[in-house]
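Colleague: quick one, structure for this:
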Amino acid sequence: MAKKFTVLDFLSVVGVRSDNIPVTIKYGTEVVCKAKNLRWLSSHGMPYELEAKVKGIDVCRDSIVIRIQPKSYSTKI
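Modeller: As a prediction, this is how the structure comes out:
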């Protein structure tokens, strides 16, 4: 069984010092979070966003879209 790859893992692999590219986290078609860049997401992201399992990542010149897996996202505190 593979280790789960979370949003926080993605931030540590890519590094938060990257360009100022807007980041969007989506759960299905719902937008969970919008961030100015990866640095903002790592410092202001909520734990349930950062600890969610990654389903897919779309990286373009003008945006990054992180799709999280169903049932890994919870808003319960």
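Colleague: what's the one helix or strand Phe10 maps to packed up against?
Modeller: Following DSSP states H and E, one finds Phe10 within helix 7-14. Judged by 3 or more C-beta pairs under 8 Å, 6 or more residues apart in numbering; DSSP states H and E, helix 7-14 is in contact with helix 38-44, helix 47-50, strand 54-59, strand 64-68. Quick note: C-beta positions are derived from backbone N, CA and C, even for glycine.
Colleague: the shortest one: which residues count as buried?
Modeller: By that I understand helix 47-50. 48-50 (16 or more other C-beta atoms under 10 Å).
Colleague: could you check how far Gly15 is from Val23?
Modeller: Distance of Gly15 to Val23, given as C-beta to C-beta, to the nearest Å: 13 Å.
Colleague: please identify which of the two sits among more neighbours.
Modeller: Val23 (25 against 10; other C-beta atoms under 10 Å).
Colleague: phi first, then psi, for that one.
Modeller: Dihedral pair for Val23: phi -120, psi 130, per degrees, to the nearest 10.
Colleague: shaky segments in the protein?
Modeller: 1-2, 16-18, 70-77 (pLDDT under 70).
Colleague: what do you get if the cut-off is 80, keeping everything else the same?
Modeller: Low-confidence segments of the chain, defined by pLDDT under 80: 1-3, 15-19, 70-77.
Colleague: out of the helices and strands packed on helix 7-14, which one sits most buried?
Modeller: strand 64-68 (a mean of 20; mean count of other C-beta atoms under 10 Å).
Colleague: follow-up on the earlier one: looking at the buried residues of helix 47-50, spot the one nearest Lys4.
Modeller: Leu50 (12.5 Å; C-beta to C-beta).
Colleague: grab the nearest non-local neighbour of that closest one.
Modeller: Leu8 (4.4 Å; C-beta to C-beta, 6 or more residues apart in numbering).
Colleague: hang on, the one you found packs against Tyr48?
Modeller: No - with contacts defined as C-beta atoms under 8 Å, Leu8 does not count as touching Tyr48, sitting 11.3 Å away.
Colleague: re the thing from before, need the buried residues of helix 47-50 in a markdown table (columns: distance to Ile57).
Modeller: Formatted as a markdown table, the buried residues of helix 47-50 follow (distance: C-beta to C-beta, whole Å):
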| residue | distance to Ile57 |
| --- | --- |
| Tyr48 | 18 |
| Glu49 | 14 |
| Leu50 | 14 |
